[in-house]
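Colleague: Take a look and give me a structure for this.
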Amino acid sequence: MSKNLLIVESPAKIKSISKVLGKDFTILASFGHVRDLPSKDGSVDVDHDFAMRYEVIDRNQKHVAAIAKAMKEADTLWLATDLDREGEAISWHLYEILREKKLLKDKTVNRVVFPEITPRAIRDAIAKPRPLSLDLVNAQQARRALDYLVGFNLSPLLWRKVQPKLSAGRVQSPALRMIVEREEEIEAFIAQEYWSLTADCMASAAFGAKLVEYQGKKLGQFDLNTEALATAARRALEQAAGGELAVTDVRRKDRQRRAAPPFITSTLQQEAARKLGFGTQRTMRLAQDLYEGVAIHGGEVVGLITYMRTDSVNLSRDAIGELREAIVREYGQDYLPESPNFYQTKSKSAQEAHEAIRPTSALRTPASVKAFLDADHLKLYELIWKRTIASQMKPALLNTVSVDLMAGTAGMFRATGTTVVFPGFLAVYEEGRDQRSEEDEESAKLPPLAIGDRVKLKAIKAEQHFTEPPPRYSEASLVKSLEEHGIGRPSTYASIIQVLLAREYVRLESRRFYPSDIGRAVAKFLSGHFAQYVDYGFTAKLEDELDSVANGEAQWQPLLHRFWGPFKQLVDEKNESVTWRDTKSVREVGVDPVTGQKVTAQLGRYGPYVQIGEQVEGSEVKPRRASLKQNQSVSTITLEDALKLFQLPRLLGNDAQGRELKVNIGRFGPYVQADKLFASLAKGDDPYTLTLGRAIQLVEAKEANNEARTLQTFDGGRIKVMKGRFGPYVTDGVKMGRLPKGIEAKCLGLHF
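Modeller: Next comes the predicted model:
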């Protein structure tokens with residue numbers, strides 16, 4: 001057994017590191033987090049200075065046992081988990097577990113980090129070990145304690161006041177609020193009509209110009225807001241122009257455009273979403289693979305990028321030197337600036353000792369590793385390589401021309417165009433955008449024009465437009481908004497999104513987020529009763545306070561005390577004062593033409609539904625209710641669609657055995673019923689249009705499946721012993737019961 005035991009988080013790194021360190025080191029993986037707070041009362045002891053009672057995670061018990069066994073034989077422990085707060089915390093948890101097992105007595109413990117999995121970085125780290133950073137550990141502990149206290153106290157309140165099995169998160173809740181508020185903006189939006197006039201011109205080449213002044217005044221967006229006004233203006237301008245426009249001003253301007261900085265976690269996620277269509281979780285998984293190591297030439301396993309969780313745009317001196325060499329080699333000396341480009345890190349919490357996400361070797365081009373990567377890994381590596389290379393190249397030199405053209409005295413048109421004089425970094429990479437900008441409109445080329453020139457006016461076109469609501473969040477724009485508000489940190493953006501999707505508070509459709517009815521209800525409840533705790537400013541301030549702990553500027557227990565007192569008091573108050581109906585979402589949809597009663601859409605304790613009529617106190621007659629389909633929403637369902645939902649259950653007719661078949665929607669989805677037999681509808685079957693013939697097919701298939709699973713029958717087939725997913729069970733078609741232990745189906749007697 002080696003005297004050195006080194007622990008990493010992921011087993012994917014072991015081969016790469018072993019090759020560098022050799023047989024003097026035994027290397028094992030923790031497989032991520034090793035301890036966590038159990039989901040039970042008292043895991044964070046608020047009465048004893050927030051003492052945290054951790055337990056080893058079940059799935060990692062065997063890995064912890066292997067590490068403990070190896071530590072018995074080792075003299076030195078090297079904790080080499082990832083270099084962010086989470087990694088520091090994992091190292092600390094391992095240290096605590098081994099210390100409690102009395103396995104560290106008289107042994108050396110070193111903390112090392114690998115910003116990249118390359119031989120040089122590994123050797124440098126081993127040569128410069130450091131102690132565990134308790135400041136980083138305490139910041140992570142405080143974050144985990146806050147998440148536990150919020151979730152453990154708010155979630156049960158949601159169960160009682162809104163709907164069972166819901167949960168609330170400290171950081172996910174403000175993110176949900178963003179998505180819900182954007183949806184409400186869209187629903188409240190009223191489109192406004194406006195018209196634009198464009199002149200089709202011809203000089204030495206065709207070009208277009210937009211009307212910017214009319215009748216001596218600058219044209220406002222809504223000055224021409226009807227077809228009649230636009231048509232009148234077009235005719236007046238055509239008459240005044242007489243078939244020609246006069247060039248009255250030509251403005252030329254040279255400007256430089258600098259490259260975007262190298263990637264940090266958030267910008268990588270945004271660009272991968274825009275350019276590659278990758279979700280945040282997919283991007284981080286691929287980046288993790290590229291960081292941990294890929295077998296390339298001769299089977300050498302090497303990390304292709306630096307650590308992918310960072311908010312620093314800093315680049316090391318060695319990296320810049322290699323980037324400059326690669327620029328000259330790939331693009332020529334003309335593209336290399338005299339001195340390196342430096343960028344300012346925006347995040348106050350960023351650690352400048354960390355680097356931006358970059359290739360571990362700029363000389364390792366995408367083309368040189370193409371044969372060793374699958375399509376997705378190659379796309380992401382190429383994106384990172386190009387962005388990093390571009391960040392150290394010369395700016396692009398652009399020449400912008402703006403030309404004013406008069407239509408007599410009636411109005412002025414303006415044409416703009418941009419010419420790339422020197423592409424600079426644009427030869428490699430251009431940053432994506434979520435929406436069109438003025439630059440897109442100015443990119444057209446114009447023919448040579450001078451003051452006094454007269455150009456032919458071919459036509460003036462009037463085009464109708466409507467203002468548009470703000471766009472729904474994409475993964476890229478949501479990450480950008482979270483970052484701008486200071487909510488979350490590089491390691492959390494992907495998990496925030498995944499939690500919202502997993503809880504079904506939102507759904508992703510055409511790469512845009514839509515809140516579900518239950519997501520709206522949770523956001524409404526939290527905003528109405530816990531406004532401070534879903535406030536963007538409050539959440540960002542709390543993140544800043546956690547950063548202060550990480551930087552050694554504050555203690556973590558006082559932070560938790562300041563949070564816990566007011567929060568617990570508010571939770572207790574709401575437990576007493578808020579009733580279920582206070583959060584209940586009810587929307588009037590219209591009136592049922594048959595009964596004349598009001599139709600409402602509501603979110604109930606077991607999901608969204610529509611209702612005809614109202615419950616009258618003292619009356620035993622209940623209003624009719626129907627559950628919404630999966631793709632319908634309380635907020636948007638129409639009266640027509642609501643009334644269709646009351647068509648169920650539908651009687652379809654009788655089968656050959658005389659059984660009456662009907663279709664309905666139940667707790668587990670749509671089904672066909674024939675006496676006591678229930679057959680689920682297949683994907684693509686619609687309960688509202690299902691035919692009798694198709695229903696019979698489903699019933700017969702269910703019966704055939706039941707026969708195949710039947711072990712024994714009793715009482716003329718009325719009672720069956722069936723083979724189920726969790727073992728044999730007895731059923732009479734309505735009730736069922738599992739067989740007791742020790743009794744086999746084949747041994748059952750008639751009187752069981």
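
Colleague: Quick check: next helix or strand after the worst-scoring helix or strand of the chain on mean pLDDT?
Modeller: Each helix and strand of the chain was given a mean pLDDT (mean pLDDT, DSSP states H and E); the minimum falls on helix 438-441 at a mean of 52. The element immediately downstream of helix 438-441 (helix or strand, assigned by DSSP states H and E) is strand 454-466.

Colleague: count of residues packed around residue 142?
Modeller: Residues lying near residue 142 (other C-beta atoms under 10 Å) number 24. C-beta coordinates here come from the backbone N, C-alpha and C atoms, glycine included.

Colleague: whoops, I mixed them up, residue 669
Modeller: Summarising burial for residue 669: neighbours were counted as other C-beta under 10 Å, giving 10.

Colleague: Ok, the one 5 residues further on next?
Modeller: Residues within reach of residue 674, counting by other C-beta under 10 Å, total 22.

Colleague: ditto for the one 4 residues further on
Modeller: Using other C-beta under 10 Å as the criterion, residue 678 is surrounded by 15 other residues.

Colleague: And the helices in the stretch 601-750 of the chain, which stretches?
Modeller: Secondary structure of the stretch 601-750 of the chain (DSSP state H, counting those that start in this stretch): helices located at 639-644, 692-709.

Colleague: would JSON lines of these with distance to residue 293 and mean pLDDT be doable?
Modeller: Below are these laid out as JSON lines (distance: least, C-beta to C-beta, whole Å; pLDDT from 0 to 100):
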{"stretch": "helix 639-644", "distance to residue 293": "53", "mean pLDDT": "93"}
{"stretch": "helix 692-709", "distance to residue 293": "48", "mean pLDDT": "88"}
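
Colleague: Of all those helices, which one is nearest residue 447?
Modeller: With respect to residue 447, and counting by C-beta to C-beta, the nearest of those is helix 639-644 at 54.8 Å.

Colleague: contacting residues around the closest one?
Modeller: Under the criterion C-beta atoms under 8 Å, 6 or more residues apart in numbering, residues 589, 590, 591, 592, 599, 601, 610, 626, 632, 688 lie in contact with helix 639-644.

Colleague: which of the residues you listed count as buried?
Modeller: Among the contacts of helix 639-644, those that count as buried by neighbour count (16 or more other C-beta atoms under 10 Å) are 589, 592, 599, 601, 610, 626, 632.

Colleague: show me the contacts for the second one.
Modeller: So that's residue 592. With contact set as C-beta under 8 Å, 6+ apart, residue 592 has these partners: 598, 599, 612, 613, 643.

Colleague: Just confirm the fourth one contacts residue 598, I think it does.
Modeller: Right, residue 613. Yes: under the criterion of C-beta atoms under 8 Å, residue 613 is in contact with residue 598, at a separation of 7.0 Å.

Colleague: The closest residue to residue 107 other than its chain neighbours: neighbouring residues, count only.
Modeller: In space, residue 107 comes closest to residue 75 once its chain neighbours are excluded; the distance is 5.9 Å by C-beta to C-beta, 6 or more residues apart in numbering. Residue 75 has 12 neighbours, counted by other C-beta under 10 Å.

Colleague: Residue 75 and residue 127, how far apart?
Modeller: Here residue 75 is placed at a distance of 18 Å from residue 127 (C-beta to C-beta, to the nearest Å).

Colleague: could you pull out the strands for the stretch 501-650 of the chain?
Modeller: For the stretch 501-650 of the chain, the strands defined by DSSP state E, counting those that start in this stretch cover 506-509, 512-515, 586-591, 598-604, 607-612, 624-627, 650-654.

Colleague: Excluding chain neighbours, give the residue nearest to residue 68 in space.
Modeller: Using C-beta to C-beta, 6+ apart, the nearest residue to residue 68 is residue 101, at 5.8 Å.

Colleague: Residue 574 now?
Modeller: With C-beta to C-beta, 6+ apart as the criterion, residue 574 has its nearest non-adjacent residue at 5.2 Å, and that residue is residue 529.

Colleague: mind listing what the one you found touches?
Modeller: By C-beta under 8 Å, 6+ apart, residue 529 lies in contact with 570, 574, 578.

Colleague: For the buried ones among the residues you listed, write the corresponding ChimeraX selection.
Modeller: A single ChimeraX command suffices to select whichever of the contacts of residue 529 are buried according to 16+ other C-beta under 10 Å:
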select :570,574,578
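
Colleague: Cross the contacts of residue 529 against helices and list the overlap.
Modeller: Using DSSP state H, the members of those that fall within helices are 570, 574.

Colleague: Adding distance to residue 301 and pLDDT, write the contacts of residue 529 out as JSON lines.
Modeller: Rendered in JSON lines, the data for those read as follows (distance: C-beta to C-beta, whole Å; pLDDT from 0 to 100):
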{"residue": "570", "distance to residue 301": "53", "pLDDT": "94"}
{"residue": "574", "distance to residue 301": "54", "pLDDT": "90"}
{"residue": "578", "distance to residue 301": "57", "pLDDT": "76"}
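
Colleague: Dump the contacts of residue 529 into TSV; add distance to residue 300 as well.
Modeller: As requested, those are exported to TSV (distance: C-beta to C-beta, whole Å):
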residue	distance to residue 300
570	58
574	59
578	62
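
Colleague: of the contacts of residue 529, closest to residue 464?
Modeller: Residue 464 has its nearest neighbour among those in residue 578, at 48.7 Å by C-beta to C-beta.

Colleague: That closest one contacts residue 526, correct?
Modeller: No: counting by C-beta under 8 Å, residue 526 is not a contact partner of residue 578; they are 11.6 Å apart.

Colleague: Give me the distance between the most centrally placed residue in the chain and residue 547.
Modeller: For the chain, the residue nearest the mean C-alpha position is residue 497 (3.5 Å; C-alpha atoms, centre = their mean). With distances taken as C-beta to C-beta, residue 497 is found 22 Å from residue 547.

Colleague: quick check: domain ranges of this structure?
Modeller: 4-132, 141-187+472-577, 193-250+402-466, 265-391, 585-646, 650-747 (automatic domain parsing).

Colleague: which stretch in the ones you listed has the least confidence?
Modeller: Note on the domains of the chain: domain 650-747 shows the lowest mean pLDDT, a mean of 83.

Colleague: doesn't residue 342 fall inside a helix?
Modeller: No: looking at residue 342 with DSSP: H, G, I helix; E, B strand; the rest coil, it is coil, so not inside a helix.

Colleague: What separation is there between the spatially closest residue to residue 165 that is not a sequence neighbour and residue 180?
Modeller: Excluding the flanking residues, the one nearest residue 165 by C-beta to C-beta, 6+ apart is residue 159, at 6.8 Å. Distance, residue 159 to residue 180, using C-beta to C-beta: 20 Å.

Colleague: Quick one: closest of the domains of the chain to residue 257.
Modeller: For the domains of the chain, proximity to residue 257 was assessed by C-beta to C-beta; domain 193-250+402-466 is nearest, at 7.6 Å.

Colleague: Endpoints of that closest one, how far apart?
Modeller: From the first residue to the last, domain 193-250+402-466 extends over 5 Å; the measure is C-alpha to C-alpha, to the nearest Å.

Colleague: ok now that domain, how far from the chain's centre?
Modeller: Centroid separation between domain 193-250+402-466 and its chain, computed with C-alpha atoms, centre = their mean, to the nearest Å, is 40 Å.

Colleague: Thank you kindly, that will do.
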